[in-house]
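Visitor: Sharing a sequence plus its predicted fold:
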Amino acid sequence: MGKPNTDAELVEHINDGDWSAFDKLYQRHRDWSYRLALRFVGHNDDAQDVVQESFIYVVTLFPGFELTCKFTTFLYPVIRHRALRAIRTRRRSLVGADEDVLALAPAPETDTGAGRSELATVIATLPGGQREAVLMRYVDGFTNVEIAQALGIPEGTVKSRLHNALSALRTDERTRRYFGQEP
Amino acid sequence: MEPGMNQHDPIEPTPAFADDLQSIFGGDIRMKAPQVDAAIAGAVAGRAANLRRAKLIRWSFLPVSAAAAALVLIAIWPSATPPTPSPAGGLLASRESRQEAEMEIASTAKPEAQMALADSTAPAESLGRMREMAKQSNGGFSAALEMDALAKTDPRDIDGNARIDILDAFALARAAQAGKAPAAWDQNGDGVVNGADADVIARIAVALDGKGAAG
């Protein structure tokens, strides 16, 4: 068997007992997982705990784990579930009334300019489902199909959420410049 | 733009939108948590060790399991094969067959055979007569052959254990009391199977000093 490069090859190697491949898989997705967890929980320690719990869970799936989608598409709901659980554990108040609305806080270390702060503010006012779809699409680079897979919802719902979110951003004077319109 | 994205959406934002979002949500943030790395590495090592141990146990228990399976097979084998009848069991079975044979003869034999069965005075003699009559009758031949084999047993051995003892007397007395004693058990030849026949066997058993006799 050759040197594994893709996530699927790494998974295959781990299934075959080559546990060094897991370290590569972890190193490859650790920072993205951390950023995703941080986006949900907004707290460094909690985000690290979420990453740790998530990858330890993934360890238990081997051998016999079958990767049927992109690894990040598989990993997203794993992290999301644990992040929401961490939020509930801490009894933090969620943004909005819906439990599924996520407190997607900007990372505290990030240097956000004035325009970006406005964008962050407008994004924060979006309904939770729309906000999550926008971030998955434009931050994580998921396609509509992958978003649907990761969230377990129909692709049409993803399109609808994105359309509604982008419409709101386009009409908001603070973010209309991202749509080729003058503020 | 990645495949699957809505390329024809008229409200698709400019690339700056994604760039700014990634900056806001920490596109360049890296996790610096050696303790997390160590915990995951430990989990991986633990998992690998557990799997190795399980595999080792599986292989080390294989010969033991095979030996246990062989022992079970050996233990089961005799009961799986048709049992070889023990003398006592065989005679008991023969006793039941004998009664069945008598009933078959009674139902299928010619009237003369039925008369012989009813009029039998001595067990051995009645069996012989029944045999001959059954052979002469239609449909009773197989039963007669069976009776040939049963004739080798002693008619006084009621329970068919190849011994004549007080238990045979008890068995006869019980059967006579229940009205289920066949005519062949008429030990004293009075044409009736009753307590007197049980006494005959009891006397034989006592005369043999309680040691009984082979049938």
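Guide: In hand now; what should we look at? Numbering: from 1, shown residues only, chains lettered A, B, ... in the order given.
Visitor: check which helix or strand covers residue B:170.
Guide: Taking DSSP states H and E as the criterion, residue B:170 maps to helix B:166-178.
Visitor: Which element is encountered next along the chain beyond the lengthiest helix in chain A?
Guide: Within chain A, and with DSSP state H defining each element, the longest helix by residue count is helix A:20-41. On the C-terminal side of helix A:20-41, the nearest following helix or strand under DSSP H and E is helix A:44-60.
Visitor: now that next one: mean pLDDT?
Guide: Taken as a whole, helix A:44-60 carries a mean pLDDT of 95.
Visitor: Contacts for that helix next, please.
Guide: A:22, A:26, A:30, A:33-34, A:37-38, A:40-41, A:65, A:75, A:78-79, A:82-83, A:86-87, A:90, A:108, B:31, B:33, B:35-36, B:39-40, B:43-44, B:47 (Cβ atoms under 8 Å, 6 or more residues apart in numbering or on different chains). For every residue, glycine as well, the C-beta is placed using N, CA and C.
Visitor: can you list the domains in chain A?
Guide: A:1-108, A:111-178 (automatic domain parsing).
Visitor: so can I have TSV of those domains showing mean neighbour count and distance to residue B:166?
Guide: Below are those laid out as TSV (neighbours: other Cβ atoms under 10 Å in any protein chain shown; distance: least, Cβ to Cβ, whole Å):
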stretch	mean neighbour count	distance to residue B:166
domain A:1-108	18	71
domain A:111-178	19	83
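Visitor: Could you work out which of those reaches nearest to residue B:182?
Guide: Comparison of these against residue B:182 by Cβ to Cβ identifies domain A:1-108 as nearest, at 70.4 Å.
Visitor: Any regions of chain A where pLDDT drops low?
Guide: A:1-2, A:91-115, A:182-183 (pLDDT under 70).
Visitor: Smallest gap between it and chain B, at which residue?
Guide: residue A:143 (3.1 Å; Cβ to the nearest Cβ).
Visitor: For that residue, what are phi and psi?
Guide: phi -80, psi 170 (degrees, to the nearest 10).
Visitor: just for chain B, where's the confidence low?
Guide: B:1-10, B:78-153, B:208-215.
Visitor: State the distance from the nearest residue to residue B:198 once chain neighbours are set aside to residue B:165.
Guide: Nearest residue to residue B:198 in three dimensions, chain neighbours excluded: residue B:173, at 3.9 Å (Cβ to Cβ, 6 or more residues apart in numbering or on different chains). Computed as Cβ to Cβ, to the nearest Å, the residue B:173 to residue B:165 distance reads 13 Å.
Visitor: Same question for residue B:37.
Guide: 87 Å.
Visitor: So which of these two has more stuff around it?
Guide: When residue B:37 is set against residue B:165 and neighbours are counted by other Cβ atoms under 10 Å in any protein chain shown, the residue ahead is residue B:165, at 22 against 18.
Visitor: so how far is residue B:172 from the more buried one?
Guide: 12 Å.
Visitor: how much does the very next helix or strand once past the helix holding residue B:170 deviate in direction from helix B:166-178?
Guide: Proceeding N to C from helix B:166-178, the next assigned helix or strand is helix B:195-207, under DSSP H and E. On the basis of axes from the mean of the first three to the mean of the last three Cα atoms, to 10 degrees, helix B:195-207 is oriented at 180 degrees to helix B:166-178.
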